[in-house]
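>>> Prediction below, plus the sequence it came from.
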Amino acid sequence: MKNKSAKIAIVAIATAALGLGLVSSAQSAGKTLWISSDLPKQGGSADQSASTNKAIRLLLKQMGNKAGPYTIKFREYDNSTAAKGSWDDAQCAKNAQAHVAARDEVAVMGTYNSGCAKIIVPILNQDPKGPMVMVSNANTNPGLTKNWDPGEPGKYYPTGFRNYWRVVTTDDNQGSAAAQFAKSLGVQKVYVLNDRQTYGQGVARSFTASAKKLGLTVLSDGDAGEGWDDKAPNYEALFTKIAALKPDMVYVGGIFDLNGGQLVKDKVKFLGDNTKVKFMMPDGFTGYPDFLALPEAAGAYLSFTGLSIDQFPKGGAAENFQKAYQKEYKEAPTSSFSVYGAAAAQVILDAVARSNGTRKDVFQKMKTVDIPAAKSVVGTRLKFDDNGDILSRDITILIVKDKTETFVKKITVK
C-alpha cells in the first residue's frame with residue numbers, strides 16, 4: 001500500500017506542474033481516452049494546422065501522454081476539402097458526427113474557422129453522452145458566445161448547456177482595437193472589405209461600427225463593408241472604384257485562403273504601396289507564409305486576438321514551450337494560433353484530469369478550469385467567463401516587415 005500511495009503522489013506532482021488536477025480511482029486508473037483536433041489541413045491553412053497539431057503532440061509528450069490517471073491519445077480530423085481548398089460545410093458536419101460516434105473521444109480542440117464551429121457545436125451539444133466539449137484556438141466570431149446575429153448564441157446550444165470555449169478573444173474586441181489603431185495612424189477615410197463568410201463579415205462589421213464611433217469616414221456601404229468574390233481572377237474594377245474615393249486605408253475583414261493573395265496584389269497595383277494607402281487585416285491573414293512572401297504585403301498591418309509569440313512572458317512555461325518546440329521540430333511554430341492550439345489542449349486536459357473520464361464529467365469540469373499564467377503555454381491566465389470566452393482581451397498589432405510579422409503594439413480592450 002505504501003508503494004501504491006507513493007506512485008499516486010508522484011503522478012499528482014507531475015500533473016500539477018502543468019496546472020492539471022488528479023482523479024484517483026481504481027476504476028479510471030489505466031484507462032485510455034482520446035482528444036482530437038478539427039482543423040483545415042488542406043489549402044492555405046495547411047501549414048498553420050500542421051503546426052498546431054505538432055504543438056498539441058508536443059504538449060502531450062511533455063506530459064508523458066497522461067492527464068491525471070488517464071493515458072491520452074490524439075487524433076486529427078480534417079475539415080477541409082481539396083476541391084474547396086479551405087474548410088467545407090459538409091465536411092464540418094461529417095466530422096461532428098464522427099466525434100460523437102467515437103466512443104473513446106472525450107473532447108475536441110477546434111475549429112480554426114468560426115463558420116465551421118457554428119456547424120459542429122450544435123451537434124456536439126446534443127451528444128447523449130455529453131454534451132461534448134469543444135475548445136477553439138482561433139474562432140473569434142462573437143455570435144458563438146454572445147448576442148450578435150439573430151438567434152445567437154442560443155441556437156448553437158439546443159440543450160441549453162454551453163459546451164464551447166475559446167482561448168482567444170472575440171472580433172468585437174479585435175475590430176474595436178483595429179479601429180483605434182487606424183485612428184492613431186492619422187487615418188481619416190477607410191474603405192472596408194469582407195470575404196462574405198461568417199468570420200470576415202463579423203470582424204468587418206465590428207471595425208466599421210468602431211471606426212464610425214471614433215469619427216472616421218467609412219467610404220464603403222453596409223455595416224460590414226463590401227464583399228469580395230473569392231473566385232474572381234482579379235480585382236481591377238473593385239480597386240479602381242476604391243481609388244477614386246481616395247481612402248487613407250483599406251481594411252480587409254476575412255481569411256487569406258479566399259483569394260487573399262490576388263486581393264493583396266491588386267490593392268498595391270491600383271492604390272499604391274502600403275505606405276501610400278495603408279492596408280490592414282485581422283488575424284485571418286496571420287500565420288500564412290504565402291502571404292508574408294508577397295512583396296505587396298510589405299507594410300501591411302495585422303491584428304491578432306491574443307499575444308504574438310515574441311510577446312509571451314519570459315522565464316516561465318510559455319518561453320520553455322517555445323524552446324521545446326524549436327528543439328523538437330527544428331523550426332518555430334508557424335503562428336501564434338499554433339501555440340494557442342496547445343493552450344486549448346492544455347485547458348481540455350486540465351478538465352479531463354479532474355474528471356471521471358466521461359464526456360459529461362469533462363464538460364462539468366471545464367466550468368472550473370483556471371490555469372495560472374505561470375503554467376500556461378501562452379503565458380496568460382486560462383480562465384473563462386460564463387459564456388465560454390477567455391477573460392484576457394489582449395489584441396496584438398503587427399506589421400509585415402522583411403517578410404515577417406513584426407510586433408508594433410499591444411492593445412488591451414476594457
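Yep, it's here.
>>> How are the strands of the stretch 51-200 of the chain distributed by residue range?
For the stretch 51-200 of the chain, applying DSSP state E, counting those that start in this stretch gives strands covering 66-67, 70-78, 80-81, 86-87, 105-110, 133-136, 164-166, 189-194.
>>> so which of these comes closest to Gly254?
strand 189-194 (5.8 Å; CB to CB). Placement of C-beta: from N, CA and C, glycine included.
>>> Mind listing the strands the closest one pairs with, and their directions?
strand 217-218 (parallel), strand 226-227 (parallel), strand 249-253 (parallel) (DSSP bridges).
>>> which of the residues in whatever helix or strand comes next after the last one are buried?
Sequence order places helix 260-271 as the next helix or strand after strand 249-253, per DSSP states H and E. Along helix 260-271, these residues count as buried under the neighbour rule (16 or more other CB atoms under 10 Å): Gly260, Gly261, Leu263, Val264, Lys265, Asp266, Lys267, Val268, Phe270, Leu271.
>>> which ones are touching the fifth one?
Taking CB atoms under 8 Å, 6 or more residues apart in numbering as the criterion, Lys265 is in contact with Leu294, Glu296.
>>> what's in contact with stretch 327-339?
Contacts for stretch 327-339 (CB under 8 Å, 6+ apart): 47-48, 50-52, 54-55, 58, 61, 112, 137-138, 168, 283, 286-287, 289, 304, 306-309, 312, 318, 321-322, 325-326, 377-378, 396, 405.
>>> Tell me the spacing between the spatially most central residue of the chain and Lys265.
With distances taken as CA atoms, centre = their mean, Ala138 lies nearest the centre of the chain, 0.8 Å away. Noted for Ala138: a distance of 25 Å to Lys265, by CB to CB, to the nearest Å.
>>> low-scoring pLDDT stretches of this structure, where are they?
In the predicted model, the chain carries pLDDT under 70 at residues 1-30.
>>> Could you chop it up by domain?
2-170+311-383, 171-304+396-412 (automatic domain parsing).
>>> what about the closest residue to Thr334 other than its chain neighbours, distance to Ser308?
Here the nearest residue to Thr334 in space, its sequence neighbours aside, is Ser51; by CB to CB, 6 or more residues apart in numbering that works out to 3.7 Å. Distance, Ser51 to Ser308, by CB to CB: 15 Å.
>>> Asp47 now?
Where Ser308 is concerned, Asp47 sits at a distance of 17 Å (CB to CB).
>>> Between these two, tell me which one has more neighbours.
When neighbours are counted by other CB atoms under 10 Å, Asp47 and Ser308 differ, and Ser308 comes out ahead with 21 against 16.
>>> Could you say which of the strands paired with strand 189-194 is packed most deeply?
strand 249-253 (a mean of 27; mean count of other CB atoms under 10 Å).
>>> where along the stretch 201-350 of the chain do the helices fall?
236-244, 260-271, 289-292, 317-329, 336-353 (DSSP state H, counting those that start in this stretch).
>>> Strand 249-253 and the second one, what's the angle between them?
Angle between the axes of helix 260-271 and strand 249-253 is 170 degrees (criterion: axes from the mean of the first three to the mean of the last three CA atoms, to 10 degrees).
>>> Let's see helix 260-271 as PDB, backbone CA atoms only.
Output of helix 260-271 as PDB, limited to C-alpha atoms (Å, rounded to 0.1, in the frame of the first residue of the first chain):
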ATOM      1  CA  GLY A 260      -6.400  36.900 -50.400                       C
ATOM      2  CA  GLY A 261      -3.100  36.800 -52.400                       C
ATOM      3  CA  GLN A 262      -4.700  38.300 -55.500                       C
ATOM      4  CA  LEU A 263      -6.600  40.800 -53.400                       C
ATOM      5  CA  VAL A 264      -3.300  42.000 -51.900                       C
ATOM      6  CA  LYS A 265      -1.500  42.200 -55.200                       C
ATOM      7  CA  ASP A 266      -4.300  44.200 -56.800                       C
ATOM      8  CA  LYS A 267      -4.600  46.600 -53.900                       C
ATOM      9  CA  VAL A 268      -1.000  47.600 -54.300                       C
ATOM     10  CA  LYS A 269      -1.200  47.600 -58.100                       C
ATOM     11  CA  PHE A 270      -4.200  50.000 -58.200                       C
ATOM     12  CA  LEU A 271      -3.800  52.000 -55.000                       C
END
